[in-house]
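> Any chance you could fold what I've pasted below:
(one chain, ligands or ions: 1)
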Amino acid sequence: MTSPELTQLFPHSESPDLGASPTEFRLASLYRFPESPDKGWWLRANMISTVDGAVTGPDGSSSSINNAADFRVFEVLRALCDVVVVAAGTVRAEGYRNIRTPERLTHLRSRYGMDPHPHLVIVSASGNVPADALTTDADVSVPYVVTTSHGASILPAAFPSENVIILRAYGDGEAAGGGADGGIDAEGGGQVRASESTGGSGRIAPEDIVGSLLELGWSRILLEGGPALLGQFVRAGVLDELCLTTSPLLFPSAVGRITTIGGGSAPVGPPSGARLGHLLKGEDSTLLARWELGD
Ligand SMILES: NC(=O)c1ccc[n+]([C@@H]2O[C@H](COP(=O)([O-])OP(=O)(O)OC[C@H]3O[C@@H](n4cnc5c(N)ncnc54)[C@H](OP(=O)(O)O)[C@@H]3O)[C@@H](O)[C@H]2O)c1
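Presented below is the predicted three-dimensional model:
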């Protein structure tokens, strides 16, 4: 796929053209993670929607609304993170596996002292994670699953136990606050166990998910959705940044929003503010924004 030209619209630049570049030095510098964030970690999400807000196209996945401009940034974002986090709903819809850094971008990972390829973490309360997600090349690490004790009991047996992180889930309507005990009770053998679980219907607190990633040494975190998991991260106030591609399409659809909050029964909270970090434009009118959240 030929790499499309991008133009920096905001902030103003004397050299706004981001021409096709195999090494992506300029794009990587626009999207690099903060070196030493005060809290010690940084959580970025990357999503795409159409102009009218659809998050999937006719095939029920985001692959029918994304395009070459989005893919150019998508690859750089992955090359810059320690870990890609994705919810099981998206894994089931889109089939996630084998996150490899293209050879031409490995210099970015060496520069920041990162493993050759980002790790993949799948979040599921139910444990309904396709075994296909385990299909990886020999030099790519096997995915991790963050789940409940109930979920762990029904995960495909092929998932290595040391890659299964068990955390406490909170039932619908129960506050999922992380709290002093964080819902985590670490045991040996690389596995983290919970003291209780509500089974497959509850939700693990975003703070606890982040805590488990930090325990594994991963502080540059890229959340790739989907809408249900992203909605909870926004609501919990743990998201630092949202990279949002607006694809130049309109697709009237019943399924919209890049963020959702559980089944319509969850209480409505106040909106969160966002500031524009930068805005790029593709040759085909794709817009690629980086929004900063929080204080
Ligand atoms: N446009 C985009 O950028 C974009 C990005 C990603 C996905 N998508 C699309 O979004 C759709 C999937 O959406 P979705 O509604 O299924 O949302 P989702 O967030 O992808 O998945 C929801 C599932 O993730 C697990 N989960 C979420 N929060 C959890 C928590 N706190 N604790 C434990 N498990 C949790 C649960 O899995 P279990 O049921 O296994 O418990 C839940 O059913 C797909 O069509 C996909 O193509 C679009």
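
> Surely Pro16 and Gln8 touch.
Yes: contact criterion Cβ atoms under 8 Å: Pro16 and Gln8 qualify, at 4.2 Å. Every C-beta, even on glycine, is put in place using the N, C-alpha and C of the backbone.

> Pick out whichever of those two has more residues nearby.
Higher neighbour count among Pro16 and Gln8: Gln8, with 19 against 14, using other Cβ atoms under 10 Å.

> can you tell me how far the more buried one sits from the ligand?
As for Gln8, its distance to the ligand is 22 Å (criterion: Cβ to the nearest ligand atom, to the nearest Å).

> Ok, Thr260 next?
Distance, Thr260 to the ligand, using Cβ to the nearest ligand atom: 6 Å.

> Please name the residues that touch that residue.
If a contact means Cβ atoms under 8 Å, 6 or more residues apart in numbering, then Thr260 has 227-228, 231 as its contacts.

> Assign a three-state SS to the residue lying closest to Leu242 once chain neighbours are set aside, would you?
When the adjacent residues along the chain are set aside, Leu242 lies closest to Trp291, with 4.5 Å between them (Cβ to Cβ, 6 or more residues apart in numbering). Three-state secondary structure (criterion: DSSP: H, G, I helix; E, B strand; the rest coil) places Trp291 in strand.

> pretty sure Trp291 is in contact with Leu244, am I right?
Yes: at 6.3 Å, Trp291 counts as touching Leu244 under the criterion of Cβ under 8 Å.

> picking that back up, got a quick ChimeraX command for the buried subset of the contacts of Thr260?
Filtering those down to the buried ones (16 or more other Cβ atoms under 10 Å) takes a single ChimeraX command:
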select :227,228,231
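
> Let's see which of the contacts of Thr260 end up in helices.
Among those, DSSP state H puts 227-228, 231 in helices.
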